[in-house]
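A.B. asks: sequence? don't have it. structure:
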């Protein structure tokens, strides 16, 4: 089993609260990384977001002298497909390079049930899956080119290797990269630049949310819009504890919630 270096959870968790649009801006403006957004895979489960560490799977074109016959289930069990599914852990996102192929169903209901049960946070495929209705019923966030009735070895492609660098949607993805996917698209964040991206996103999204939820509770425009010195101190403390938390603050997703407002100004790390 190939091991990968996964980034610390406290480096991944903050991305659950930021949209890919803001992350994309951070990667361009702060990090100078222009090629970070996948072309091809789109949301097949609207409203569901995927954030996690990349486990990668690479499909290659079949050749009869290397992969004989239709490579049905028993042969697939000895392939990189099974190895990649086994390798996924809680907090991962499985990212599949299927070279844009629209005939090969890279995963079916059984394997998607397995990765979902283990806590995999999403599936990104530059190609197709099969058993789409069952996959949607799981609640697994799906980002795909499409669906097909065929399995992983029926047609032109075959699962070749896993936890290796891949090109998915035209973008280089390394095992252990941070993947964020929502209705706007899929972006890849190299762990080494994640702190800068988080700081940018907090400055752009976090401050506005902090101001709004406190205004909703107190109406105190002198303190919270714009922040005066006392409001700024509260925001700095909120941001520090936000970065240390183990679960998302409800205030970032429910800015009008009074419960969220109270937890934002007097928040204690979970």
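C.D. replies: That came through fine. Computed from a predicted model, the values in this text were never measured in an experiment. Numbers count the residues shown, from 1 in each chain.

A.B. asks: got the domain boundaries for this protein?
C.D. replies: Residue ranges for the domains of the chain, per automatic domain parsing: 35-189, 194-265.

A.B. asks: ranking those domains by burial, who's on top?
C.D. replies: Of all the domains of the chain, domain 35-189 has the most neighbours on average by mean count of other C-beta atoms under 10 Å, namely a mean of 20. Glycine gets a C-beta too; all of them are placed from N, C-alpha and C.

A.B. asks: turn the domains of the chain into TSV, columns for distance to residue 20 and mean pLDDT.
C.D. replies: Formatted as TSV, the domains of the chain follow (distance: least, C-beta to C-beta, whole Å; pLDDT from 0 to 100):
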stretch	distance to residue 20	mean pLDDT
domain 35-189	5	92
domain 194-265	11	75
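
A.B. asks: make a markdown table from those domains and add distance to residue 28 to it.
C.D. replies: Supplementary listing: the domains of the chain in a markdown table, determined by distance: least, C-beta to C-beta, whole Å:
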| stretch | distance to residue 28 |
| --- | --- |
| domain 35-189 | 8 |
| domain 194-265 | 10 |
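
A.B. asks: out of those domains, flag the one nearest residue 14.
C.D. replies: domain 194-265 (4.9 Å; C-beta to C-beta).

A.B. asks: list the helices and strands the lengthiest helix in the chain packs on?
C.D. replies: Longest helix in the chain by number of residues, with DSSP state H as the criterion: helix 229-244. Packing partners of helix 229-244 (3 or more C-beta pairs under 8 Å, 6 or more residues apart in numbering; DSSP states H and E): helix 207-218, helix 221-224, helix 258-265.

A.B. asks: the same query, at a cut-off of 10 Å, please.
C.D. replies: Helices and strands touching helix 229-244, by 3 or more C-beta pairs under 10 Å, 6 or more residues apart in numbering; DSSP states H and E, are helix 9-12, helix 194-201, helix 207-218, helix 221-224, helix 258-265.

A.B. asks: so which of these comes closest to residue 34?
C.D. replies: Across the helices and strands packed on helix 229-244, the minimum distance to residue 34, taken as C-beta to C-beta, is reached by helix 194-201, at 14.1 Å.

A.B. asks: what angle separates that closest one from helix 229-244?
C.D. replies: Angle, helix 194-201 to helix 229-244, by axes from the mean of the first three to the mean of the last three C-alpha atoms, to 10 degrees: 140 degrees.

A.B. asks: where do the strands sit along the chain?
C.D. replies: 42-43, 50-61, 92-97, 122-125, 128-129, 142-144, 146-147, 157-162, 166-168, 171-173, 178-182, 185-189 (DSSP state E).

A.B. asks: dump those strands to CSV, plus distance to residue 35.
C.D. replies: Shown next, in CSV, are the strands of the chain (distance: least, C-beta to C-beta, whole Å):
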stretch, distance to residue 35
strand 42-43, 18
strand 50-61, 15
strand 92-97, 15
strand 122-125, 16
strand 128-129, 24
strand 142-144, 18
strand 146-147, 24
strand 157-162, 22
strand 166-168, 10
strand 171-173, 6
strand 178-182, 15
strand 185-189, 9
